[in-house]
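Participant: predicted model, plus sequence, below.
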Amino acid sequence: MTIAAVNEAEEVKKQNQFVETFKRLCRNKTALIGLIIVVIYILVAIFAQVLTPYDYAQMDPISANQAPSAAHWFGTDYMGRDILTRLMVGTRYSLGLGVGAIAIGVIVGIILGCIAGYFGGAAEELIMRFCDVLQAIPSTILAIVISMVLGTGFVNTIIAVGIGRIPLNARIIRAQFLSQRKLEYVEAAQATNTSQAKIMFGHILPNTISPLIVNSTMGIGGAIMIAAGLSFINLGVQPPTPEWGAMITAGKEFIRLYQYQVLYPGLFMAVFVLAVNLLGDGLRDALDPKLRT
């Protein structure tokens, strides 16, 4: 069999595994509900400006603090801005915060975990002690400290939340590498003088990524919650950016009279966090190697 034929067979095998995983995911009703809700949120984030006639930043003092009505389904805030519009546009920012923070944690975590798990020795010891230090600090406290150092803003919030995701991802990848690095396919690659980088990222990593996918999916909700917490104490995204946490912060000043200004952003966030958790649980079951035939 030629190399091209082998590569084609491997590609077909990967496609079949993806199809089977997706079928198992769809057979899980709660996971399917979570997936549908997440897709709806993504579509809202993309088409927010098309779905609403209002400008999220346009102020109308005459319409300030209006209760939900036919004109403003979720009411207006203290500056007369349509709350539903700001929630829909804010989906872009909140999802961006969550995905961006997870991306930082995944990328750095993969690099550190690969090095620690593959090489071992002093490199592993140094990386694991670094992870111990970060994990000794609660994620929210760590994000607060980093935000105080870096300052407020969208990008700084992503960095502050993302750093807290690094240790867990590094440990997951390290554990997977430790179980894989002595297997025959790795030794075969080493025997053919394949570069260390290609062995780590081209051979071992693709076979160890499933737990990281599940952890990252479920982590998006937590990252959004931490980012919202930073906004709540004025260390995260700042007004007038319509991030969900920033909207709750603005609405809390009027919570006794206009509860809806806090209620709807909170519900928007809670539903999404629940959805990604349901999806993450479903992915964990669908990717379980014991279910594969």
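Facilitator: Right, received. Where do you want to start? Residues are numbered from 1 along each chain as shown.
Participant: contacts for the helix or strand hosting residue 185, please.
Facilitator: Assigned by DSSP states H and E, residue 185 falls within helix 184-191. Residues from elsewhere that reach helix 184-191, judged by C-beta atoms under 8 Å, 6 or more residues apart in numbering: 180, 198-199, 203-204. (C-beta placed from N, C-alpha, C; glycine too.)
Participant: buried set for it?
Facilitator: 186, 189 (16 or more other C-beta atoms under 10 Å).
Participant: only C-alpha atoms, please: export that helix in CSV.
Facilitator: Below are the C-alpha coordinates for helix 184-191, written out as CSV (Å, rounded to 0.1, in the frame of the first residue of the first chain):
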residue,chain,number,x,y,z
GLU,A,184,4.6,1.8,19.8
TYR,A,185,3.5,4.5,17.3
VAL,A,186,5.6,7.1,19.3
GLU,A,187,8.7,4.8,19.4
ALA,A,188,8.3,4.2,15.7
ALA,A,189,8.2,7.9,14.9
GLN,A,190,11.3,8.4,17.1
ALA,A,191,13.1,5.5,15.3
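Participant: what about that helix, distance to the chain center?
Facilitator: 34 Å (C-alpha atoms, centre = their mean, to the nearest Å).
Participant: same deal with stretch 191-207?
Facilitator: Using C-alpha atoms, centre = their mean, the offset of stretch 191-207 from its chain centre is 27 Å.
Participant: buried stuff in that stretch?
Facilitator: For stretch 191-207, a neighbour-count test (16+ other C-beta under 10 Å) marks 199-200, 203-205 as buried.
Participant: just these now: which is nearest residue 31?
Facilitator: Nearest to residue 31 among the buried residues of stretch 191-207 is residue 205, at 25.0 Å by C-beta to C-beta.
Participant: quick one: that closest one is in a strand?
Facilitator: No. Secondary structure of residue 205 (DSSP: H, G, I helix; E, B strand; the rest coil): helix, not part of a strand.
Participant: let me see the contact set for it.
Facilitator: Contacts here follow C-beta under 8 Å, 6+ apart; on that basis residue 205 touches 110, 114, 173.
Participant: take those residues and write them to JSON lines, including secondary structure and pLDDT.
Facilitator: Converted to JSON lines, the contacts of residue 205 look like this (DSSP: H, G, I helix; E, B strand; the rest coil; pLDDT from 0 to 100):
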{"residue": "110", "secondary structure": "helix", "pLDDT": "94"}
{"residue": "114", "secondary structure": "helix", "pLDDT": "92"}
{"residue": "173", "secondary structure": "helix", "pLDDT": "93"}
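Participant: what's the spacing between the closest residue to residue 215 other than its chain neighbours and residue 48?
Facilitator: Of all residues beyond its chain neighbours, the one nearest residue 215 is residue 172 (6.1 Å), with distances taken as C-beta to C-beta, 6 or more residues apart in numbering. According to C-beta to C-beta, to the nearest Å, residue 172 stands 34 Å off from residue 48.
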